[in-house]
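Enquirer: Got a predicted model here, sequence first, then my questions.
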Amino acid sequence: MHGALLIFNAGSSSLKFTLFEVGAEPLKRVGGAIERLTDAPQLTVRAPDGSVLLRREWQADQHPGYGNLLKILIEWLDEHFDVPLLAAGHRIVHGGPRYRVPLILNSQILTKLRATVPLAPLHLPHNLEPIDALTELYPQLPQVACFDTGFHATTTRIERLFGLPRAMADAGIERYGFHGLSYEYIASQLPGIDAEAAAARTLVAHLGNGASVCAMVDGKSVATSMGFSALDGLVMGTRCGSLDPGVLIYLLRERNYDAATLENLLYHESGLLGLSGGLSSDMRDLANSESALAREAIAVFVHRLVRELGALAATAGGFDALVFTGGIGEHAPAIRTATCAALQWLGVELDAGANAANALRLHSANSRVGVWMIPTDEELVIARHCVQLLVASS
């Protein structure tokens, strides 16, 4: 099979993309993003070394439209890379109870995905936007959906159920889990790094603006911190994490909050941003701040991370390896130090020098638990699935 794959990760204000050339393993050729999609868009294409290959900007009154932006990108790629575009792959945040495995999209599947929008109203409409635009521009181009919830389909029904009436579970109100593409990548890499742990029990901490942890046994998810929505579990950049439902009842009853106000509070005003008194949602800013609120926000972040890791260790029956990934997990040695110090009684011992250097292996020779820092690559996971599906359908 000779050609290229264009992988998309769509958000509310930006569309990230990566072009892979198909080979024995998909090879990244370029990446980039279309940012400020809703006002004055900026298109940037970068080489794998980070150098800028293309940058175009439009003023708000010159906005070419979503579809035309994609057309400009694809025509530029076609002009500069002499490989045919075989398919587009998409990260879809939520597959609902119906979709758990990657698949080639068609009109019937898209109709059913639109019915899933209420489960992820802040994410799914944006995930579907490039699919709709490409369908109109290039109707013969295969498009592949990969679901962030899919990796957690291996969790048990007991793990997924809330303590709510059965009819609600039957209607799809259950724990789904997210960041599945990231966890799938870590599961694919770990056998070559720590084969014993990969075949046993591993805790993975995907820490970034969105953050969660996952317990894997033999490379399969058995539990994760996020549940019905991407709000659950850890404190995140602007999201609250686990919250007593009584708080929501109080805000509805005593503060006269409506659904939109609650949604904005929980998704956009909470987490590190809220805890730091509005200083920043970025861990780097907080780490460099002298503010007492910034220090407290970081302490809460670590505390909740340690609690969730402990809970997942109990569910998995212990753990043989701990993996850090995501923007914070890969680039914040102080967070890894604080987390591992709290887990020292479970046999975790860091090598301070390796940790400071952001090395792959972070544990000391005396550690009973392997500790690793593995940069994630969700786009490569999507590209792999695209190849598998194209081969299977040919």
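Expert: Nice, thanks for sending it over.
Enquirer: The most centrally placed residue in the chain: what's it in contact with?
Expert: In the chain, the residue lying closest to the centroid (Cα atoms, centre = their mean) is His179, at 3.9 Å. Neighbour list for His179: Asp148, His206, Gly210, Ser212, Cys214, Thr224, Met226 [criterion: Cβ atoms under 8 Å, 6 or more residues apart in numbering]. Placement of C-beta: from N, CA and C, glycine included.
Enquirer: Val369 too?
Expert: Contacts of Val369 by Cβ under 8 Å, 6+ apart are Phe319, Asp320, Ala321, Leu322, Leu343, Leu346, Gly347, Val348, Glu349, His363.
Enquirer: all strands of the stretch 151-300 of the chain, in order?
Expert: Assigned by DSSP state E, counting those that start in this stretch, the strands in the stretch 151-300 of the chain fall at 201-207, 211-217, 220-224.
Enquirer: elements contacting the last one?
Expert: Same thing as strand 220-224. helix 180-189, strand 211-217, helix 292-316 (3 or more Cβ pairs under 8 Å, 6 or more residues apart in numbering; DSSP states H and E).
Enquirer: so His385 touches Ala145, yeah?
Expert: No - checked against Cβ atoms under 8 Å, the pair His385 and Ala145 is beyond contact range at 9.2 Å.
Enquirer: Find residues that contact each of these two.
Expert: With Cβ under 8 Å, 6+ apart, His385 and Ala145 have common neighbours Pro102.
Enquirer: What is the neighbour count of the closest residue to Gly210 other than its chain neighbours?
Expert: Counting by Cβ to Cβ, 6 or more residues apart in numbering, Met236 is the residue found nearest to Gly210 once chain neighbours are left out, at 5.5 Å. Met236 sits with 26 neighbouring residues when counted by other Cβ atoms under 10 Å.
Enquirer: Likewise for Leu161?
Expert: 14.
Enquirer: give the contact list for it.
Expert: Applying Cβ under 8 Å, 6+ apart, the residues near Leu161 are Ala169, Glu174, Arg175.
Enquirer: ok, back up a step: for the residue nearest to Gly210, give me its contacts.
Expert: By Cβ under 8 Å, 6+ apart, the contact list for Met236 reads Asn209, Gly210, Ala211, Gly271, Leu272.
Enquirer: picking that back up, I'd like to know how far the residue nearest to the centre of the chain sits from Ser51.
Expert: 29 Å (Cβ to Cβ, to the nearest Å).
Enquirer: Would you mind writing the PyMOL command to select the buried ones in the contacts of Val369?
Expert: The PyMOL command for the buried members of the contacts of Val369 (criterion: 16 or more other Cβ atoms under 10 Å) is given here:
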select buried, resi 319+320+321+322+343+348+349+363
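Enquirer: I'd like the contacts of Val369 laid out as TSV, including distance to Gly370.
Expert: Output for the contacts of Val369, formatted as TSV (distance: Cβ to Cβ, whole Å):
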residue	distance to Gly370
Phe319	9
Asp320	7
Ala321	4
Leu322	7
Leu343	13
Leu346	13
Gly347	10
Val348	9
Glu349	11
His363	6
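Enquirer: all helices of the stretch 101-250 of the chain, in order?
Expert: Ranges of helices in the stretch 101-250 of the chain, per DSSP state H, counting those that start in this stretch, are 107-114, 124-137, 157-160, 166-170, 180-189, 195-198, 245-254.
Enquirer: so which of the ones you listed is the most packed in?
Expert: Of the helices of the stretch 101-250 of the chain, the one with the most neighbours on average (mean count of other Cβ atoms under 10 Å) is helix 180-189, at a mean of 24.
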